[in-house]
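Q: here is my input; please provide its structure:
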Amino acid sequence: MSANAIDCSVTVKVTIKLNEKAVTPPCPSTMNPADVAGSSSIAPLPEASLDPVYAAKAEVLNRAIQDIGFGRYQKWLFVVTGFGWLVDNLWPVVISIILVPVVTEFSFPGPFLSLSQNIGLLTGALVFGLGSDVWGRRISFNSTLLIVGVFATAAAGAPEYIFLCFFASIWSIGVGGNLPVDSAIFLEFLPGTHKYLLTVLSIWWAFGQLLASLIAWAILPWNSCPINTDQCLRWQNMGWRYYVIVMGALMMILWAIRFFIFKLYESPKYLMGRGRDAEAVEVVHKVAAFNGTTSNLTLEDLTRFDPVGGLVGESGVDTSASAAIKRNTEKFKANHIKALFATTKMAWSTSLIIFMWVLTGAFLMLGTTARTSNELLGWNCAYTFTSNIMYGVLYAMTPELFPTKDRGTGSGLAASANRIFGVMAPIIALAADLETSTPIWISGALFAIAGFVALLLPLETRGKSVL
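A: Numbers count the residues shown, from 1 in each chain. Okay, the predicted model is just below:
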């Protein structure tokens with residue numbers, strides 16, 4: 001038997017309670033799907049929340065990915081999915097940097113630009129999060145950076161602030177759609193022994209902030225109107241336009257790397273969840289070949305768990321145009337959302353994760369209270385330090401808590417909870433009196449509450465493979 005075979009003698013042994021007796025599951029060829037669903041070596045999801053056939057097949061795929069190991073394909077994924085983390089932090093920084101020169105030139109209330117951005121981020125998290133569970137990971141992965149690059153570059157030609165706000169909202173849809181999709185992709189191709197790398201991906205988030213600041217420092221000071229000038233003409237204030245063009249061009253380069261240089265395969269677990277077992281097996285073999293190794297996974301290893309008669313894949317249905325429209329419409333039903341609340345424990349975990357994202361979003365919202373440059377500097381230093389730690393953990397733990405077939409939806413809902421408060425921040429800045437320091441104390445309390453809420457999560461993902 002080759003080193004890549006699915007061999008029960010070398011896989012992690014688990015115990016399952018059957019009639020009050022502890023037994024060791026047999027090899028995949030004789031596994032009972034219900035037994036695999038209760039295995040402690042896989043993601044700690046409540047048994048009642050999972051289809052046992054799906055869970056059994058997911059465990060087989062987990063073992064196949066583990067046997068392939070961490071190789072060249074996963075190293076590429078670390079880079080190209082890391083672009084999503086970089087973009088997620090880079091563009092909010094871009095908005096904050098260009099805010100002063102664009103307000104100086106267009107003479108409009110600055111929070112409108114932030115509002116436009118956050119509406120786009122919210123939309124992107126919802127559309128691409130849910131969409132990745134409906135039409136697959138590849139379409140979302142290959143389109144988000146293209147959206148950002150095209151509309152960011154176009155924004156440089158904005159003649160009025162309303163056009164800039166429009167372009168900012170559209171490019172932010174692409175920005176907001178990155179993390180729910182990229183985290184799912186990276187996690188679903190990672191061997192269980194390397195799940196910690198999902199947390200390490202957050203280093204790209206810091207790179208995004210650093211890159212945006214360094215490029216701005218090189219361009220804006222020499223091509224911008226003085227802050228307190230009475231009149232700022234376009235030709236005197238081209239710095240922010242040059243800056244946005246450079247950042248848009250950078251997005252196009254990153255997109256080109258994703259689209260032309262690296263070929264992303266569709267997630268095998270996503271394909272399996274859609275009944276496309278043969279394609280899932282094919283992807284596993286392609287990844288193995290990319291890594292310079294082989295896999296002994298066969299179609300029979302998956303189909304052996306099917307009910308009598310087997311499962312009908314998406315290719316075995318009516319292919320007429322009307323039937324295709326009907327199927328794609330039905331896919332957008334709330335099934336993916338309902339699955340996140342299928343059991344008491346699953347509903348509790350989903351609710352707590354969303355609540356934690358709400359709290360971190362609220363912390364961002366209350367950061368609008370700074371009134372001097374020194375206050376803002378101190379606030380940003382403290383916030384950046386703590387948020388990089390918390391987001392690193394949240395971005396890793398959130399997708400781990402959801403099964404593959406609902407992972408994009410769950411991650412999208414969690415990110416959307418954060419974005420909702422991002423939308424509220426500029427509204428508050430426009431309408432409220434923020435001269436009091438009370439919100440500062442409230443924000444600190446919210447972070448403390450978020451830490452306490454994390455202790456209440458009933459599911460532990462450490463040392464578990466994901467479904």
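Q: okay, now L197: neighbour count?
A: 18 (other C-beta atoms under 10 Å). Backbone N, C-alpha and C define where each C-beta goes, glycine included.
Q: likewise the one 5 residues further on?
A: S202: 21 surrounding residues under other C-beta under 10 Å.
Q: so where's the stretch 301-450 of the chain uncertain?
A: Residue ranges of the stretch 301-450 of the chain with pLDDT under 70: 308-340, 342, 345-346, 348-350, 352-396, 400, 403-408, 411-412, 432-448, 450.
Q: mean confidence score for the lengthiest helix in the chain?
A: Criterion DSSP state H: the longest helix present in the chain is helix 72-106. The average of the pLDDT scores along helix 72-106 is 94.
Q: got the CA positions of the very next helix or strand once past it in PDB?
A: Next along the chain after helix 72-106, taking DSSP states H and E as the criterion, comes helix 111-134. Taking Å, rounded to 0.1, in the frame of the first residue of the first chain, the C-alpha atoms of helix 111-134 are listed here in PDB:
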ATOM      1  CA  PRO A 111     -18.700  60.600   6.500                       C
ATOM      2  CA  PHE A 112     -20.600  60.200   3.200                       C
ATOM      3  CA  LEU A 113     -17.600  58.600   1.700                       C
ATOM      4  CA  SER A 114     -17.200  56.200   4.600                       C
ATOM      5  CA  LEU A 115     -20.900  55.400   4.500                       C
ATOM      6  CA  SER A 116     -20.600  54.500   0.800                       C
ATOM      7  CA  GLN A 117     -17.700  52.200   1.500                       C
ATOM      8  CA  ASN A 118     -19.300  50.400   4.400                       C
ATOM      9  CA  ILE A 119     -22.600  49.800   2.400                       C
ATOM     10  CA  GLY A 120     -20.400  48.200  -0.200                       C
ATOM     11  CA  LEU A 121     -18.600  46.000   2.300                       C
ATOM     12  CA  LEU A 122     -21.900  44.900   3.800                       C
ATOM     13  CA  THR A 123     -23.300  44.000   0.400                       C
ATOM     14  CA  GLY A 124     -20.100  42.200  -0.600                       C
ATOM     15  CA  ALA A 125     -20.100  40.000   2.500                       C
ATOM     16  CA  LEU A 126     -23.700  39.000   2.000                       C
ATOM     17  CA  VAL A 127     -23.600  38.500  -1.700                       C
ATOM     18  CA  PHE A 128     -20.300  36.600  -2.100                       C
ATOM     19  CA  GLY A 129     -20.700  34.800   1.200                       C
ATOM     20  CA  LEU A 130     -24.000  33.300   0.300                       C
ATOM     21  CA  GLY A 131     -23.100  33.100  -3.300                       C
ATOM     22  CA  SER A 132     -20.000  30.900  -2.700                       C
ATOM     23  CA  ASP A 133     -22.300  28.300  -1.200                       C
ATOM     24  CA  VAL A 134     -24.600  28.500  -4.200                       C
END
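Q: which other helices and strands does helix 111-134 contact?
A: helix 72-106, helix 137-155, helix 161-176, helix 178-189, helix 335-339, helix 404-431 (3 or more C-beta pairs under 8 Å, 6 or more residues apart in numbering; DSSP states H and E).
Q: at 7 Å what do you get?
A: On a contact count with 3 or more C-beta pairs under 7 Å, 6 or more residues apart in numbering; DSSP states H and E, helix 111-134 meets helix 72-106, helix 137-155, helix 161-176, helix 178-189, helix 404-431.
Q: of the ones you listed, which approaches T294 most closely?
A: Closest to T294 of the helices and strands packed on helix 111-134, according to C-beta to C-beta: helix 72-106, at 13.6 Å.
Q: next, the buried residues of the closest one.
A: 73-74, 76-78, 80-98, 101-106 (16 or more other C-beta atoms under 10 Å).
Q: before we move on, what about stretch 294-301?
A: Of the residues in stretch 294-301, 295-297, 301 count as buried by neighbour count, 16+ other C-beta under 10 Å.
Q: same check on stretch 214-230?
A: 215-216, 219-220, 223-225.
Q: for the stretch 151-300 of the chain, what spans make up the helices?
A: Taking DSSP state H, counting those that start in this stretch, the helices of the stretch 151-300 of the chain run over residues 161-176, 178-189, 197-200, 203-219, 239-256, 268-273, 277-290, 299-303.
Q: in the first one, what counts as buried?
A: Translated: helix 161-176. So for helix 161-176, counting by 16+ other C-beta under 10 Å, buried means 161, 164-176.
Q: wait, which of these is closest to R138?
A: G174 (15.5 Å).
Q: who touches that closest one in this structure?
A: 124, 144-145, 147-148 (C-beta atoms under 7 Å, 6 or more residues apart in numbering).
Q: what about it, distance to I245?
A: 17 Å (C-beta to C-beta, to the nearest Å).
Q: again, but for D88
A: Taking C-beta to C-beta, one finds D88 at 21 Å from I245.
Q: I'd say I245 and G157 touch.
A: No - the pair I245 / G157 is not scored as a contact, 9.2 Å apart, by C-beta atoms under 7 Å.
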